[in-house]
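Chemist: Generate coordinates for the sequence data below:
(chains A and B)
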Amino acid sequence: MPIRIATWNINSLRLRIEAVSRFEKAFRPDVFCFQEIKCREAEFPYAALKAMGYDHFAVNAQKGYHGVAIASRFPLHDIESRDFCDKGEARHVSATVQAEAKGNVSGFQIHNFYVPAGGDVADPETNPKFKHKLQFLEEMQRHFSDDAPSSHAILVGDLNVAPLENDVWSHKALLSVVSHTPQEVERLNAVFESGGWTDPVRRQSPEPERVYTWWSYRSPNWALANKGRRLDHIWIRGALSMLPAETQIVRETRGWDRPSDHVPVLLDLR
DNA sequence: ATGGTTGGGGTCCAA
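Modeler: I've put the predicted structure just below:
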């Protein structure tokens, strides 16, 4: 049995806990990473997640906005939440997963990120949110290049950047749209390269195949128009990147009642 | 070029 990791920007975990349950029944992830949980820790739906078989948690929560969490069937150790950019925002949580497969126990580190969206204007001089986004990515780069790049780890989350031309519905139309500007892409690529990461989603589905994980709520006909972006990512490094890996993007959840605007990304590692 | 929708918390901000 492979180990299955899922990441999903859920856009309010309490509101969509039934969607999480439906997804869990169908896809059974072992380690489930959420972004935009949008609740205080006291409001975190521990009981509902325990009923789905998750007994181990790493939660970095705040009232109303942002918030990330890991729910795991395997024990979690060394739980840390780093306050990137020192703004007091809950955008990162990491843990060591004590995974067990075929009786072999081995650990790997997992980092769960919610990178700032960056506002509307792609100019750090006039838009402090965009400046924050660029600084957040720069701090991520420094953080991971300080590590031993060969250490096995997984990085997941809503990185709010679609780095490749075929990660958006129109490269040309989105070049000046926050999420696909050269400034962000350059910084995300620096995180990826200096950290020694690999991208199993694009290993499986190389360009020019179009891959999206997000469709705006503002498009009434999201499936037909299909103006999506790939904002949600799973990266792996070290010995993990040598393992047989399969990924899935579970687009069908975008068509469920009251959906998140993001869909889950799954990774199976053997 | 413009405006379109959703969620949380509270009468507007973030996405």
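Chemist: Over to the residue nearest in space to the middle of chain A. Which of the three states is it?
Modeler: The C-alpha lying nearest the average C-alpha coordinate of chain A belongs to A:Gly157 (Cα atoms, centre = their mean; 1.2 Å). Secondary structure, DSSP: H, G, I helix; E, B strand; the rest coil: A:Gly157 is strand.
Chemist: what about it, distance to A:Ile234?
Modeler: 9 Å (Cβ to Cβ, to the nearest Å). Quick note: C-beta positions are derived from backbone N, CA and C, even for glycine.
Chemist: do the same with A:Gly67
Modeler: In this view, A:Gly67 and A:Ile234 are 19 Å apart by Cβ to Cβ.
Chemist: How about A:Pro75?
Modeler: Computed as Cβ to Cβ, the A:Pro75 to A:Ile234 distance reads 21 Å.
Chemist: neighbour-wise, which of these two wins?
Modeler: Neighbours per residue (other Cβ atoms under 10 Å) separate A:Pro75 from A:Ile234, with A:Ile234 holding more: 22 against 15.
Chemist: ok, and what's touching the helix or strand hosting A:Leu134?
Modeler: Using DSSP states H and E, the element containing A:Leu134 is helix A:128-146. By Cβ atoms under 8 Å, 6 or more residues apart in numbering, the list of residues contacting helix A:128-146 from outside reads A:82, A:84-85, A:87, A:91, A:113, A:115-119, A:121-125, A:155, A:160-161, A:178, A:183-184, A:187-188, A:190-191, A:194-195, A:197.
Chemist: For ChimeraX, what selects the buried ones among those residues?
Modeler: To isolate the buried subset of the contacts of helix A:128-146 in ChimeraX, counting by 16 or more other Cβ atoms under 10 Å, use the following:
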select /A:82,84,85,91,113,115,116,117,118,119,122,124,155,160,161,178,183,184,187,188,190,191,195,197
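Chemist: Okay, and which of the contacts of helix A:128-146 map to helices?
Modeler: A:Gln183, A:Glu184, A:Arg187, A:Leu188, A:Ala190, A:Val191, A:Ser194 (DSSP state H).
Chemist: residues contacting A:Ile37?
Modeler: For A:Ile37, the contacting residues are A:Ile10, A:Ser12, A:Leu13, A:Phe44, A:Val59, A:Ala61, A:Gly67, A:Val68, A:Ala69, by Cβ under 8 Å, 6+ apart.
Chemist: same thing but at 7 Å, please
Modeler: Residues near A:Ile37 by Cβ atoms under 7 Å, 6 or more residues apart in numbering: A:Ile10, A:Leu13, A:Ala61, A:Gly67, A:Val68, A:Ala69.
Chemist: quick one: which two of the residues you listed are the most distant?
Modeler: The span of those, defined through Cβ to Cβ, is set by A:Ile10 and A:Ala61 at 12.8 Å.
Chemist: With neighbour numbers in mind, choose between the two.
Modeler: Using other Cβ under 10 Å as the criterion, A:Ile10 and A:Ala61 rank with A:Ile10 on top: 27 against 20.
Chemist: Double-check the more buried one against A:Glu36; I have them as touching.
Modeler: Yes. Assessed by Cβ atoms under 7 Å, A:Ile10 is found in contact with A:Glu36 at 6.1 Å.
Chemist: What residues does chain A have near DNA strand B?
Modeler: Applying Cβ under 7 Å from any atom of the strand, we find that chain A lies next to DNA strand B at A:11-12, A:14-15, A:36, A:38-40, A:63-66, A:116-117, A:119, A:129, A:216-218, A:220, A:258.
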